[in-house]
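Engineer: A predicted structure for the sequence below; I have some questions about it.
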Amino acid sequence: MTSPVIALIASLDTKAAEAQFLRDRIRAAGVGVVLVDFGIGEAPAPADVDAAKLAELGGGVLEELRYRRDRASAIEVMMRGAANWASAAYARGLIAGIIAIGGSGGTAVGAAAMRALPIGAPKVMVSTVASADVRPYVDVKDIAMINSVVDFAGVNPISELVLRNAAAAAAAMALASAEPVSSRSQRLVAATQFGVTTPAVEHARTFLAEKGLTLVPFHATGVGGRAMEALIVEGMFEAVLDLTTTEWADEVVGGTLSAGPSRLEAAAKTGTPQIVVPGALDIVNFFGEAGVPEQFRARRIHRHNANVALMRTSPAENAEIGRRIAEKLNAAVGPAAVLFPLRGVSALDQEGCPFFDPEADNALLEALRQNLKPAVALRALDLHLNDRDFAVAAVEALIAMIEPGKVQAHA
């Protein structure tokens, strides 16, 4: 079997020594290396893919970038070039994955290349900013961020320890990526989950398994919703059980866990069958009580834990959320339906609990009724979201979409 090859992306004008160390260690582990340079300055030795090539692929000219000395523009060009090169090289089977090293600029370039690869391809980023907020770099991909601890200025007794581990990790990932995925034959259903909707997801997982389907949960924290949408577009799922659309509350009201305005578009555009539920739309998320904006301080706030404060959505906010969800589902080219639990949309939204508010829930329901087109069925069930029977109804509705005539009611 041919040994896998991994791309090593670095700015060789400043990090040639570290790149050479990584290359030697990865090769010693039995994995090939393609050295990719994105540095604007003169490299001390040639790379397999030089900076001029990356600049060209990014829509620029290396000599012009050197002359202008505009670092921000140069990084943007190299980010595009690295992503374009990586995508093409992976598609042609020339590389199995990527390892990169850098500061903030190098991390931007290396991570851009990694985000161009699919889930499962090895991605190791050794970075001086890995202990900071890495969401802009990682986004929804499986990038392993390794804190360099020290800055890059040659190989020393501290940096050698970090680089040695990074090389071993990248090589092991590359070798593992050559193995077949044992569970590839499973039929997958995407689902969204929050702590306050977990019982519903667990019930649904059991019932889907009885039908030969595997539930794949995504934590509805903004990144989770966007990750699910990206994988729906890639055709990973047979259907979507969107039990927790809470990210729309953050998008509309201004919370911290929004998945952006394109949430719910992937299944609609691809025709993937989807059951949508207003799970946890009673909740807007903020980073701790101190993170609640001043204009919301008089609202109903629930301390979820030391780092998370939750705010109850109002009837007016729920009406707008319902309108936007209807707008997205009305564009669906495949089967779509909404199931609405009349007794509460989360563990906090039931009688005796902090966010129980039938008026607010009813505003959401009425907005859906008024705005959904007839092609998108809306069923209101006299159940709570986390009731076993609600999960049964949701799974049976989904099965009816993908396997008409095969639904059998649960006892």
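Structural biologist: That came through fine. Numbering: from 1, shown residues only.

Engineer: mind listing what's buried in stretch 120-137?
Structural biologist: With burial defined by 16 or more other C-beta atoms under 10 Å, the residues of stretch 120-137 counted as buried are 121-130, 134, 137. No exception for glycine: its C-beta is placed from N, CA and C like everyone else's.

Engineer: may I ask which two of the residues you listed are separated the most?
Structural biologist: Using C-beta to C-beta, these span at most 23.7 Å, a distance reached by 121 and 128.

Engineer: of the buried residues of stretch 120-137, which is the nearest to residue 166?
Structural biologist: For the buried residues of stretch 120-137, the minimum distance to residue 166 (C-beta to C-beta) is 4.7 Å, reached by residue 126.

Engineer: ok but the closest one is inside a strand, no?
Structural biologist: Yes - counting by DSSP: H, G, I helix; E, B strand; the rest coil, residue 126 is part of a strand.

Engineer: contacting residues around it?
Structural biologist: Going by C-beta atoms under 8 Å, 6 or more residues apart in numbering, residue 126 touches 99-102, 146, 148, 162-163, 166.

Engineer: quick check, residue 155 in contact with residue 18.
Structural biologist: Yes - here residue 155 reaches residue 18: they are 6.1 Å apart, a contact under C-beta atoms under 8 Å.

Engineer: looking at these two, which is more packed in?
Structural biologist: More crowded of residue 155 and residue 18, by other C-beta atoms under 10 Å: residue 18, with 25 against 15.

Engineer: so how far is residue 257 from that one?
Structural biologist: 37 Å (C-beta to C-beta, to the nearest Å).

Engineer: list the residues that contact residue 367.
Structural biologist: Counting by C-beta under 8 Å, 6+ apart, residue 367 touches 318-323, 326.

Engineer: change it to 10 Å
Structural biologist: Applying C-beta atoms under 10 Å, 6 or more residues apart in numbering to residue 367 gives the contacts 315, 318-326.

Engineer: of those residues, which is the most crowded?
Structural biologist: Comparing those by number of neighbours (other C-beta under 10 Å), residue 318 comes first, having 30 neighbours.

Engineer: burial of residue 295, as a residue count?
Structural biologist: Residue 295 sits with 8 neighbouring residues when counted by other C-beta under 10 Å.

Engineer: that one - that's part of a strand, no?
Structural biologist: No - with three-state DSSP as the criterion, residue 295 is located in helix rather than a strand.

Engineer: do you know the pLDDT at it?
Structural biologist: In this model, residue 295 is scored at 94, pLDDT.

Engineer: quick one: it and residue 253, what's the gap?
Structural biologist: Residue 295 sits 11 Å away from residue 253, going by C-beta to C-beta.

Engineer: before we move on, what about residue 33?
Structural biologist: For residue 33, the distance to residue 253 equals 48 Å [C-beta to C-beta].

Engineer: residue 176 now?
Structural biologist: Applying C-beta to C-beta, the value for residue 176 to residue 253 is 42 Å.

Engineer: follow-up on the earlier one: now the contacts of residue 367 in TSV, with distance to residue 11, secondary structure and pLDDT?
Structural biologist: TSV is the format used below for the contacts of residue 367 (distance: C-beta to C-beta, whole Å; DSSP: H, G, I helix; E, B strand; the rest coil; pLDDT from 0 to 100):
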residue	distance to residue 11	secondary structure	pLDDT
315	54	helix	98
318	50	helix	98
319	52	helix	98
320	47	helix	98
321	45	helix	98
322	50	helix	98
323	48	helix	98
324	43	helix	98
325	45	helix	98
326	49	helix	98
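
Engineer: for the residues you listed, which one is nearest residue 69?
Structural biologist: Of all the contacts of residue 367, residue 69 sits closest to residue 324, with 45.1 Å by C-beta to C-beta.

Engineer: what's the next secondary structure element after the helix or strand that contains residue 200?
Structural biologist: Taking DSSP states H and E as the criterion, residue 200 maps to helix 198-210. With elements assigned by DSSP H and E, the helix or strand that comes after helix 198-210 is strand 213-219.
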